[in-house]
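Enquirer: The sequence and its predicted three-dimensional model are supplied below.
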Amino acid sequence: MGSILNILGKPLGSVLEGVGGIIDKFVTTDKERLEAKAAVLKMTTDFQLELAKVDAQFAAEQAKVLVAEAQSESWLTRNWRPLLMLVFTFIIAYNFVLGPMLSLETLPIPPDMWELLKIGIGGYIVGRSAENVASWVPDMLNAKNGKK
């Protein structure tokens, strides 16, 4: 799973190339052509800035969810991601270490599972990092504001 900016950036580039070609074909004077391309470039830049803002908000919301899970009073809510990562670790270890060493039958790991593993590891790392940062940010803000 990529960022929103990465997901929409490539199609946007293709659209811009097409619009540039249309401008070149149908706009006859150099001045009008430059003005049209400048307008398209401004719209593109504005759109990319908005996408970057949305992407940052999305990442912040994801971090909030992970922090809430990590701080939950429920054992299962706090630990479901680490448990899932342990299961994935076992599957990978079985398929690539134990299975070959002991001549056991192994199954190919589906691409979607690899994607889920990457997302899970990324989320786990972000969650634990956010949890650690959340513990010292209030102290830092209080020190900055002169509070004890």
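Expert: Cool, got the structure.
Enquirer: Which element is encountered next along the chain beyond the lengthiest helix in the chain?
Expert: Of all segments of type helix in the chain, defined using DSSP state H, the longest is helix 30-70. Using DSSP states H and E, the helix or strand that follows helix 30-70 in sequence is helix 75-93.
Enquirer: Show me what the longest helix of the chain is packed up against.
Expert: Helix 30-70 makes packing contacts with helix 4-26, helix 75-93, helix 111-144 when contacts are defined by 3 or more Cβ pairs under 8 Å, 6 or more residues apart in numbering; DSSP states H and E. For every residue, glycine as well, the C-beta is placed using N, CA and C.
Enquirer: what's the distance between residue 119 and residue 90?
Expert: When distance is defined by Cβ to Cβ, to the nearest Å, residue 119 is 18 Å away from residue 90.
Enquirer: Same check on residue 67?
Expert: The gap separating residue 67 from residue 90 is 27 Å, by Cβ to Cβ.
Enquirer: So which of these two has more stuff around it?
Expert: residue 67 (18 against 11; other Cβ atoms under 10 Å).
Enquirer: In this structure, where is pLDDT below threshold?
Expert: In the prediction, the chain carries residues with pLDDT under 70 at positions 1-10, 13, 123-141, 144-148.
Enquirer: domain parsing for it?
Expert: Here the domain parsing of the chain from automatic domain parsing is 1-57, 71-148.
Enquirer: can you redo these as CSV with distance to residue 63?
Expert: CSV is the format used below for the domains of the chain (distance: least, Cβ to Cβ, whole Å):
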stretch, distance to residue 63
domain 1-57, 11
domain 71-148, 4
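Enquirer: the inter-axis angle of the longest helix of the chain versus helix 75-93?
Expert: Compare the direction of helix 30-70 with that of helix 75-93 by axes from the mean of the first three to the mean of the last three Cα atoms, to 10 degrees and you get 110 degrees.
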